[in-house]
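Chemist: Provided below are the primary sequence and the corresponding predicted coordinates.
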Amino acid sequence: MPLLAEVPGLAGMLDELRLVDRLLASVLDTIIQLQSSSAVETVTGVPLEQWLLSEARRTTADRRMLLTAADVLRRLPGLQSAFDQHKLSWAQLRIIVLEVARLPRRLDVQLDAAVDELVDRLEGTDPDAVSGLVRWLVTDLTATDPEPADADDEPAEMLVLQPRLDGTGGKFFGQANATNFALLEAATDPGRAGPATKPGIGHDPDPDKVRQASEDRGRRRFEKLIGLLEAGATGDGDGGRVPVKVLLRVSYDTLLDAGRLPAEVLTRLSGGRLQLTSVAARRLLDERGTDLRTVIVDDAGQVLGVGRSHRFPPGWLSDAVLTVHDTCSEPGCNTAALACDLDHAKPWRRVRPGDVPGRTDIDQLAPVCRPTNHTKDAAGWSVTQTADGIRVWHHPRSGLRIRTLPGTTRIPVPPAPVDRSVSGGTDPPAPAGSADRPAAPRDGPEAAADADDPDGTIPF
């Protein structure tokens with residue numbers, strides 16, 4: 001396009017984006033070759049995904065996308081050829097991959113044959129059109145599948161909890177058969193309270209009132225559902241009901257109403273935690289304190305332990321360890337800490353001759369998902385851990401060294417700059433005699449901390 005010569009910045013940017021697509025095509029071709037040969041794990045002892053994490057610094061979503069795309073391109077050589085020839089952008093390929101990755105492999109021949117037509121349709125078309133075209137393609141292929149799913153089979157009942165990325169709450173959705181859906185509807189029926197949404201026969205309803213009524217009904221239905229859950233969760237064990245334990249991690253300053261750091265409720269969901277404001281945390285403690293197991297953390301961290309007298313930590317120590325971490329401490333794993341085993345950095349039992357067995361202390365324990373807990377020593381990983389929960393994973397054979405941080409890690413906030421223009425660029429004068437005046441004695445928690453711990457940590 002000659003016109004682009006008049007805007008060289010735009011021309012350069014477009015060239016660079018096309019270069020990104022070409023580089024990613026080369027990357028995917030290489031991933032396919034490496035996976036086909038199994039050379040990476042055979043030679044280095046570490047899976048390809050671990051190299052993508054530690055050396056390429058790809059996030060979980062990036063790694064899964066690259067590996068899933070490579071798997072789909074291996075199945076569909078026509079699609080791989082189209083991407084290599086730059087007939088598709090990386091953005092378009094991602095959409096195709098996500099739509100077709102779960103199709104049964106018996107449809108691969110038909111699917112790959114349809115790729116040429118799909119690519120032709122996309123030439124010169126709005127790039128977003130790929131989404132609609134692929135969905136129709138998937139629908140048509142599924143309809144002609146010689147081995148379709150049994151039409152009489154009911155969809156699997158499920159409940160899905162989806163936390164928000166910022167940890168402040170989440171959404172849930174699911175499906176149920178007719179009987180259970182009717183039971184759920186009846187149990188949470190919000191009644192007919194609220195203003196009428198239709199002013200009378202022949203009149204259109206006010207859309208604002210309709211929306212408000214819907215929100216009110218939804219809120220009342222949710223309150224009923226929470227009430228039912230609370231009634232079942234706070235029983236004494238009769239009829240199979242058992243109390244639900246909720247772990248709350250809260251800073252000492254927040255507990256004393258002296259800070260605004262958020263508190264976290266730990267969950268078994270991906271990411272491991274949901275965030276509460278400091279105000280909400282204190283209100284939760286006031287209203288529901290008996291339903292919580294609250295663990296207090298401070299900036300320095302409090303070391304608790306039971307030495308080597310037990311391999312499996314007691315409940316109070318498990319809770320303390322779990323409140324230091326949100327997720328599995330394996331590099332790249334997002335399994336919630338509450339769904340993990342507790343792992344000793346130094347194995348509790350000797351793995352190799354000369355090993356010093358580990359202790360069951362908070363400075364040695366961290367959550368690790370069960371598959372990794374069963375394989376990390378055999379795979380050649382060694383782990384060291386500091387008292388504040390930071391772990392360093394080392395793989396001597398490959399030379400990889402990866403550090404993982406606990407959920408309590410905080411980045412210090414620098415102090416706000418001082419505007420010295422008001423005082424003429426000088427610091428305010430010290431009170432008279434302050435240089436010779438001894439420090440005033442302190443009482444309260446600060447004094448207790450100084451007396452019990454020269455580092456100033458506050459015991460709990």
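Modeler: Structure's in. What do you need?

Chemist: For the longest helix along the chain, which residues meet the burial criterion?
Modeler: In the chain, ranked by residue count with DSSP state H as the criterion, the top helix is helix 8-37. By neighbour count on 16 or more other Cβ atoms under 10 Å, the buried set for helix 8-37 is 21, 24-25, 27-28, 31-32, 35. Every C-beta, even on glycine, is put in place using the N, C-alpha and C of the backbone.

Chemist: which residues are contacting the following helix or strand past that helix?
Modeler: Sequence order places helix 39-44 as the next helix or strand after helix 8-37, per DSSP states H and E. Helix 39-44 is touched from outside by 34, 46-48, 51, 397-398, with contacts defined as Cβ atoms under 8 Å, 6 or more residues apart in numbering.

Chemist: go with 6 Å
Modeler: Helix 39-44 is contacted from outside by 34, 47-48, 398, using Cβ atoms under 6 Å, 6 or more residues apart in numbering.

Chemist: from those residues, which would you call buried?
Modeler: 48, 398.

Chemist: Give me the subset of the contacts of helix 39-44 that lies in strands.
Modeler: Judged by DSSP state E, strands contain none of those.

Chemist: which of the contacts of helix 39-44 has the weakest pLDDT?
Modeler: Among the contacts of helix 39-44, S398 carries the weakest pLDDT, at 86.

Chemist: Please name the nearest non-neighbouring residue to that residue.
Modeler: Spatial nearest neighbour of S398, excluding adjacent residues (Cβ to Cβ, 6 or more residues apart in numbering): T44 at 4.2 Å.

Chemist: Endpoints of stretch 40-56, how far apart?
Modeler: Criterion Cα to Cα, to the nearest Å; first-to-last residue distance in stretch 40-56 is 15 Å.

Chemist: Any figure for the gap between T179 and K224?
Modeler: 19 Å (Cβ to Cβ, to the nearest Å).

Chemist: higher neighbour count, these two?
Modeler: K224 (15 against 8; other Cβ atoms under 10 Å).

Chemist: The more buried one: which element?
Modeler: Assigning secondary structure by DSSP H and E places K224 in helix 207-233.

Chemist: Then S131?
Modeler: Short version, using DSSP H and E: S131 is in helix 129-143.

Chemist: A70 now?
Modeler: Using DSSP H and E, A70 sits within helix 60-75.

Chemist: who's in contact with that helix?
Modeler: Taking Cβ under 6 Å, 6+ apart as the rule, helix 60-75 contacts 28, 31-32, 49, 52, 79-80, 97, 101, 108, 334.

Chemist: Next: stretch 91-98.
Modeler: By Cβ under 6 Å, 6+ apart, stretch 91-98 touches 68-69, 72, 83, 127, 130-131, 134.

Chemist: Check which residues of that stretch are buried.
Modeler: Buried residues in stretch 91-98 (16+ other Cβ under 10 Å): 92-97.

Chemist: now stretch 61-80
Modeler: For stretch 61-80, by 16+ other Cβ under 10 Å, it's 63, 65-67, 69-70, 72-76, 78-80.

Chemist: could you dump it to PDB, C-alpha only?
Modeler: Output in PDB follows, covering the C-alpha atoms of stretch 61-80 (Å, rounded to 0.1, in the frame of the first residue of the first chain):
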ATOM      1  CA  ALA A  61      -2.500 -19.400  30.100                       C
ATOM      2  CA  ASP A  62       0.300 -18.800  27.600                       C
ATOM      3  CA  ARG A  63       1.800 -22.200  28.100                       C
ATOM      4  CA  ARG A  64      -1.500 -24.000  27.800                       C
ATOM      5  CA  MET A  65      -2.300 -22.100  24.600                       C
ATOM      6  CA  LEU A  66       1.000 -22.900  23.000                       C
ATOM      7  CA  LEU A  67       0.900 -26.600  23.900                       C
ATOM      8  CA  THR A  68      -2.800 -26.900  22.900                       C
ATOM      9  CA  ALA A  69      -2.200 -25.200  19.600                       C
ATOM     10  CA  ALA A  70       0.700 -27.500  18.900                       C
ATOM     11  CA  ASP A  71      -1.500 -30.500  19.600                       C
ATOM     12  CA  VAL A  72      -4.300 -29.300  17.300                       C
ATOM     13  CA  LEU A  73      -1.800 -28.400  14.500                       C
ATOM     14  CA  ARG A  74      -0.300 -31.900  14.800                       C
ATOM     15  CA  ARG A  75      -3.700 -33.400  14.300                       C
ATOM     16  CA  LEU A  76      -4.700 -31.000  11.500                       C
ATOM     17  CA  PRO A  77      -1.800 -30.600   9.000                       C
ATOM     18  CA  GLY A  78      -3.900 -28.500   6.700                       C
ATOM     19  CA  LEU A  79      -4.500 -25.900   9.500                       C
ATOM     20  CA  GLN A  80      -0.700 -26.000  10.300                       C
END
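
Chemist: what is the mean pLDDT for that stretch?
Modeler: Rounded mean pLDDT across stretch 61-80 is 93.

Chemist: Can you tell me what sits against the host helix or strand of A186?
Modeler: A186 belongs to helix 178-187 when assigned by DSSP H and E. By Cβ under 6 Å, 6+ apart, no residue outside helix 178-187 reaches it.

Chemist: what's the answer for stretch 120-134, then?
Modeler: With contacts defined as Cβ under 6 Å, 6+ apart, stretch 120-134 is touched by 92, 95-96, 99, 118.

Chemist: Thank you kindly, that will do.
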